[in-house]
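the following comprises the amino acid sequence and a computationally predicted model.
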Amino acid sequence: MKTIREILNHEWIFFDGGSGTLLQGMGLRGGEQSETWNLSHPDRIKELYKGYLNAGCTVFNTNTFGANRFHDPENLEETVRAGVRLAHEARTETGRQDNAYIALDIGPTGKLLEPMGDLSFDDAVDAFKEVIRYGLEEHPDLVLIETMSDSLEAKAALLAAKESCGLPVFITCTFDAKGKMLTGGTVQSLIPMLEGLGADAVGINCSLGPREMIPIIEDLVNIASVPVIVNPNAGLPETRHGRTVYKIGPEEFASCMKDIALLGVQGVGGCCGTTPEHIRRVIDEVSSLPFAPQTVKNHTYVTSYASAVEISQTPVIIGERINPTGKKKFQQALRDRNIEYVLSQGLEQEDAGADILDVNVGVPGIDEKAMMETVIGRLQAVTSLPLQIDSSDPAVLERAMRIYNGRPMINSVSGKQESMHAVFPIAKKYGALIVALCLDENGIPATADGRIAIAEKIIHTAEEYGIRRNSLIIDGLTMTISSDTSAAKTTLETIRRAKEELGCQTILGVSNVSFGLPQRSLVNANFLTMAMANGLSCAIMNPNNTEMMAAFITSKALLNHDPQCQTYIASFAGTETQTRTLQKAEQTVTADSLRACVTGGLSEQAVLKTKQALQDGRDPMDIINNDLIPALDEVGQGFEKGTLYLPQLLMSADAAKAAFAVVRESMHTENQTSAGRIIMATVKGDIHDIGKNIVKVLLENYGYDVIDLGKDVPPETIVDTAVKENIQLVGLSALMTTTVGAMEETIRLMRQKKPDTKIIVGGAVLTREYADQIGADAYGKDAMATVRYADSIFKNK
Amino acid sequence: MRRPDDREILRYLSYKGITGETEEIRELIRRCRDLLEPVLRPRSCVRFFDVTCEENRLCIGSLKTDSRSLYRNMKGCTQAAVMACTLGIETDRLIQRKQLTSMSESACLDAMASAYIEAWCDEVNERIRTDAAKENLYCRPRFSPGYGDLPLAMQKEIFSLMPVTKETGITLTDSCLMIPSKSVTAIIGMSIENRNCILQGCEECTQSATCAYSRSGENI
């Protein structure tokens, strides 16, 4: 008997079809979980298997799709084991022991992973491992993960399978007609990640009929280097007399699958609505077609959960600002766990045109691994830009690679043996791209020859780990010309030769070139232009720097990387007019008072006006006490009286926040006094935190320091923090009736452990009566109520 | 999907029945619409079930409930449509992202998305009504877990009754909250008798007296 690995990519593999409709025909009721039949109706499950075995399929799935700890907590082990055991029996009874393969079928958990959902990545991996462990006891031939609609869950399942066994692992995902997974992933964002993690075959199943899948299949065969599997539904589901039906019959289905087979796929079968007859016809049609194996591709993608950046001829920008090196404010933000500040640095760079964000959170005195995990999770909730993980600690890299949603990039490895042996195993396991620095134990070579020799050594060593050269991005090392005026020339020659002679993509941290010189932007912008002309693929730089961005966009146009100069024109057409408008806006500001800007919610003008007031020599505290606070009070009262909308209150709050930021910049740290420290948290089980965040912004504007514990926060965390930090006031929010219980529990625990702390509660389902009932000290009926209550607590002292 | 009108968005923005809106608010709404509409991924999952009664318990397919409010709503129904609708997770991402840069836009987007999910539910509901009419069945107002005495825990039953997660991407947290947050599940009773029922969600809901978003007085 050939193993499944021996036939994979050498001949057609035929997969089985749907099971739901067939089992319903045998008596399965709607809402009844089909896996329970492995124990209660084993004969019928064998009947299902035999239908497909007799139809001639090569791979058939165990009836374990929905079996996991979330759906089927009781009898899980027995259910899974029976599913595989029955498959062996059916295979023997149909005489197919020599040419049919049992796939342990793994479906999604039905839960959404963090940061958007409430299932942690580690728990998801554990849940999949549990099912796989039970299945392996009965010796399947391969693992088939299918119907995955979220890339992070797909990653968790694939890692679980790879870490549990040496069997081949196939994975197929669902896409809609627009080519998107339910959580936004595309073929380009998903497949490089799955291949990097070691999937033995990838593909698409369910959700669509064969015809709707064709554009997605074309993408798949263009991107994938491993065999591609296509298992469509029998058309799109339709409702007939209250029943869901799939309309494409066996003959039509087989004809569609013949067309699909010719697109260059290696495995075909069916999903919902298909029957053994569908599969038999597919096998009849496709068996005789010429088989074309999948070919290995040479592209280089770095991806996130929903987007992919190809590193190739067209240069890309890697934003460098998420990095504490030399930045006091950033370092302080990390120490204070001010994650919002870190995130806002990322969003600013995205808005300015970054394609990828470098993430470095290494600063003495913090747990870098935990911080990296938090920042990656929070960043991936709000931006789809791929991330470049920047750390010198392999343990930090390992954790980051594991939880990252997409195909990550590592910054960096060097030619030092220690570095390569620490980084390559991690990069191989998680399929990361790696920035390779041309330096080693002997330091940085002064010549391009020396640097290219190190690059070759790195490429050679990477190959020993099974890492291909298209996963390496060569860093030619930018050195400052102020200490060696030939430095830039050496760097440029290195990247040119890395691209031409080694066939590798290249990267530079551009701004180092000007260290120690005046007008650094001038040097940086010109060097960037030269580097791009010499084949630079990735520029690590600050996209907020106007001169460098102008050089980048202009060079792209000059080097034929900007079709019809579209980006150039969009960026610079009408610039002169814009400048004039800006000047006009500044003039308008002088007519309005700062107070009016804040009450009117005009953020930009409030900032300009504040800067002007400071320039005019006004005392920062005077600005706060006589302009900003009165403006906030005015709007707050309007809101409380019901003459203003919530968004008007918040527009003023945004404007005040921007103005405060300017004022604080100008003040010495010792002069910045806090009105009081307050914990804010959305309670355990609740994930709706917009209300809490609104209150936080308002409190901060009134000078309070808010310790934001986030959402879904356990009572113990809130109470322990209050004890540790000696907090006088805690604000709790809950949106749903189901989570008010957690609020009550938090209050009870606080009364036991820290009885002097006051607690104010708020949220859509709460009322004053409810608040009293659960023992809160105050009820925050709207956004301003917490500010007023905080004032009553802190100002009366 | 159809656009909800500005009045609906204003209703979600206003806690206290303010009627006049300023040019700044209109501009904010325009800006937020431009941000929200490109990320909307409206999806739905609808299935039909027989309705029976076992010892005063309502049975919708394999789903059983003691809810008196739903029982009242569905009295005389022989069938029910169960629907799940969502705007997709990208809407949540956008609202979260804006919380970092502009709380006013974030709050406006949140309110706006609530109006859009209601409009999407109306559209799916209307399709169900049209299909039912072809079979000479009349639809009752849709009824969601959390209305009246129908507990939120009922979500679990609905999710095992039909492939909600697979077809829409809606998932449940351990505490029965739906993610994406702009998601709705509902049961729509169908009967052969044309009971012209004008009661909508708010009016039938026991929380309406205290709910900040209640449509009180508008429709009755």
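Noted; the coordinates are in hand. Residues are numbered from 1 along each chain as shown, chains lettered A, B, ... in the order given.

so where's the chain uncertain?
All of this is about chain A. Chain A contains residues with pLDDT under 70 at A:72-73, A:241-242, A:575-591, A:668-672, A:796-797.

that's the wrong chain, I wanted chain B
In chain B, residues with pLDDT under 70: B:14-21, B:195-220.

phi and psi next, for the residue nearest the centre of it.
Central residue of chain B (Cα atoms, centre = their mean): B:Val184, 4.1 Å from the mean position. Torsion angles at B:Val184 (phi, psi; degrees, to the nearest 10) stand at phi -140, psi 140.

right, and the helix or strand after the strand or helix carrying A:Ile458?
Using DSSP states H and E, A:Ile458 falls within helix A:448-464. The C-terminal neighbour of helix A:448-464 among helices and strands, as given by DSSP H and E, is strand A:472-475.

just checking, what packs against that next one?
With contacts taken as 3 or more Cβ pairs under 8 Å, 6 or more residues apart in numbering or on different chains; DSSP states H and E, strand A:472-475 sits against strand A:433-437, helix A:448-464, helix A:487-500, strand A:505-509. Every C-beta, even on glycine, is put in place using the N, C-alpha and C of the backbone.

hmm, try it at 6 Å
Secondary-structure packing of strand A:472-475 (3 or more Cβ pairs under 6 Å, 6 or more residues apart in numbering or on different chains; DSSP states H and E): strand A:433-437, strand A:505-509.

which bits of chain A sit near chain B?
Residues of chain A lying near chain B by Cβ under 6 Å from any Cβ of the partner chain: A:29-31, A:110-112, A:116-118, A:182-184, A:242, A:340, A:343-344, A:381-382, A:642, A:645-647, A:650-651, A:654, A:685, A:687, A:690, A:693-694, A:697, A:736, A:738-739, A:767.

and the residues you listed, which of them are buried?
A:30-31, A:110-112, A:116-118, A:182-184, A:242, A:340, A:343, A:381-382, A:645-647, A:650-651, A:654, A:685, A:687, A:690, A:693-694, A:697, A:736, A:738-739 (16 or more other Cβ atoms under 10 Å in any protein chain shown).

in the stretch 351-500 of chain A, what residue lies closest to chain B?
Across the stretch 351-500 of chain A, no residue is closer to chain B than A:Val382, which sits at 4.0 Å (Cβ to the nearest Cβ).

quick one: neighbours of the residue nearest to that residue when sequence neighbours are not counted, just the number.
Nearest residue to A:Val382, sequence neighbours excluded (Cβ to Cβ, 6 or more residues apart in numbering or on different chains): B:Arg97, at 4.0 Å. Neighbour count of B:Arg97, defined by other Cβ atoms under 10 Å in any protein chain shown: 20.

also the one 5 residues further on?
Other residues lying near B:Ser102 total 23 when counted by other Cβ under 10 Å.

what of the one 10 residues further on?
Burial measure for B:Met112: 28 neighbouring residues, criterion other Cβ under 10 Å.

right, and it touches B:Ile9 too?
Yes. At 5.0 Å, B:Met112 and B:Ile9 qualify as touching, with contact defined as Cβ atoms under 6 Å.

tell me what A:Asn205 is bridged to.
A:Asn205 has these beta-bridge partners by DSSP bridges: A:Asn231.

for it, what are its contacts?
By Cβ atoms under 6 Å, 6 or more residues apart in numbering or on different chains, A:Asn205 lies in contact with A:146-147, A:172, A:231, A:271.
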